[in-house]
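Undergrad: Coordinates for the following, if possible.
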Amino acid sequence: MAKVNQDDLKRQAAQKALQYVHENEYLGIGTGSTVQFFIEALAKSDIQIKGAVTTSRATSEALAHYGITEVSLNEVHHLPVYIDGADEVNHLLQMIKGGGGALLNEKIVASAADMFVCIADESKYVSRLGHVPLPVEVTENARSLVARQLVKMGGEPELRLGCKTDHGNVILDVRHLNLNEPLKMEHQINEIAGVVENGLFAARPADVLLLARASGVVEVLKAQI
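TA: Next up, the predicted model:
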């Protein structure tokens with residue numbers, strides 16, 4: 001059996017997401033390789049939107065490349081849909097995000113949207129979160145303090161070298177945390193002084209997962225869980 005190209009799966013999920021875009025409305029767009037395929041698909045479609053709220057410089061550059069209007073979240077009173085990928089997603093549509101360093105903006109825009117559509121290939125679907133490191137965005141002066149607290153919680157934090165977020169903060173990538181209760185852990189980490197945000201999306205999970213497999217794109221709704 002021929003091996004399925006992962007980029008092809010990402011394109012399939014991205015193409016399927018066009019069905020969720022509201023004509024003549026604002027749209028939230030996340031960050032990452034699958035999102036890049038979505039932006040390309042959106043640009044090639046006949047769908048007209050008022051503008052897109054972005055989550056990173058990389059996404060802004062992609063929108064500019066295709067001539068898609070970018071707007072600030074402060075300009076938008078209603079955001080029907082937010083479309084983004086995930087580093088991992090489980091059956092409850094809870095996610096780990098932030099591999100691209102845009103977790104704070106992603107969480108802000110996701111929280112503003114009526115619907116969060118996650119687009120991913122089958123490699124991102126897991127029974128338990130934590131196979132990839134959990135990104136934690138922290139202020140520079142609290143880096144060591146936060147790292148010590150994360151160690152006490154069972155984690156192994158590592159500074160992401162050469163990375164400054166769009167907000168001027170640094171990221172600790174944390175392995176080996178017990179993520180059996182993602183919502184509880186999300187809140188616990190955010191209570192540490194110096195933490196700006198972490199990459200657990202459990203308080204605001206996706207509403208729809210478009211999961212691309214070799215057999216096609218599977219639509220998983222949160223309401224079905």
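Undergrad: Just the C-alphas of the host helix or strand of residue 36, formatted as PDB.
TA: Assigned by DSSP states H and E, residue 36 belongs to helix 33-44. The C-alpha trace of helix 33-44 is given here as PDB (Å, rounded to 0.1, in the frame of the first residue of the first chain):
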ATOM      1  CA  SER A  33       1.600  24.300   8.400                       C
ATOM      2  CA  THR A  34      -2.000  23.000   8.100                       C
ATOM      3  CA  VAL A  35      -3.200  26.600   8.400                       C
ATOM      4  CA  GLN A  36      -0.900  27.700   5.600                       C
ATOM      5  CA  PHE A  37      -2.700  25.200   3.300                       C
ATOM      6  CA  PHE A  38      -6.100  26.600   4.500                       C
ATOM      7  CA  ILE A  39      -5.100  30.100   3.600                       C
ATOM      8  CA  GLU A  40      -4.000  29.000   0.200                       C
ATOM      9  CA  ALA A  41      -7.300  27.200  -0.300                       C
ATOM     10  CA  LEU A  42      -9.300  30.200   0.900                       C
ATOM     11  CA  ALA A  43      -7.500  32.500  -1.500                       C
ATOM     12  CA  LYS A  44      -8.200  30.100  -4.400                       C
END
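Undergrad: And it, what's buried?
TA: 34, 35, 36, 37, 38, 39, 40, 41, 42 (16 or more other Cβ atoms under 10 Å). In short, each C-beta sits where N, CA and C put it, glycine included.
Undergrad: Now do the fifth one, the pLDDT please.
TA: This points to residue 38. Here the pLDDT value assigned to residue 38 is 98.
Undergrad: For this protein, which segments count as strands?
TA: 26-29, 51-53, 70-71, 79-84, 88-89, 95-96, 113-121, 134-138, 156-159, 170-175, 195-198, 200-201, 208-213, 216-221 (DSSP state E).
Undergrad: Dump the ones you listed to TSV, plus distance to residue 14, mean pLDDT and mean neighbour count.
TA: Converted to TSV, those look like this (distance: least, Cβ to Cβ, whole Å; pLDDT from 0 to 100; neighbours: other Cβ atoms under 10 Å):
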stretch	distance to residue 14	mean pLDDT	mean neighbour count
strand 26-29	11	98	25
strand 51-53	14	98	21
strand 70-71	19	98	14
strand 79-84	9	98	23
strand 88-89	15	98	24
strand 95-96	17	98	28
strand 113-121	6	98	23
strand 134-138	23	98	27
strand 156-159	31	98	16
strand 170-175	26	98	21
strand 195-198	25	98	22
strand 200-201	19	98	30
strand 208-213	9	97	22
strand 216-221	10	94	14
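Undergrad: Same list (those) but as CSV, adding distance to residue 17.
TA: Shown next, in CSV, are the strands of the chain (distance: least, Cβ to Cβ, whole Å):
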stretch, distance to residue 17
strand 26-29, 10
strand 51-53, 13
strand 70-71, 18
strand 79-84, 5
strand 88-89, 14
strand 95-96, 15
strand 113-121, 5
strand 134-138, 23
strand 156-159, 32
strand 170-175, 27
strand 195-198, 24
strand 200-201, 17
strand 208-213, 6
strand 216-221, 9
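Undergrad: Quick check: which of those is nearest to residue 182?
TA: strand 200-201 (5.3 Å; Cβ to Cβ).
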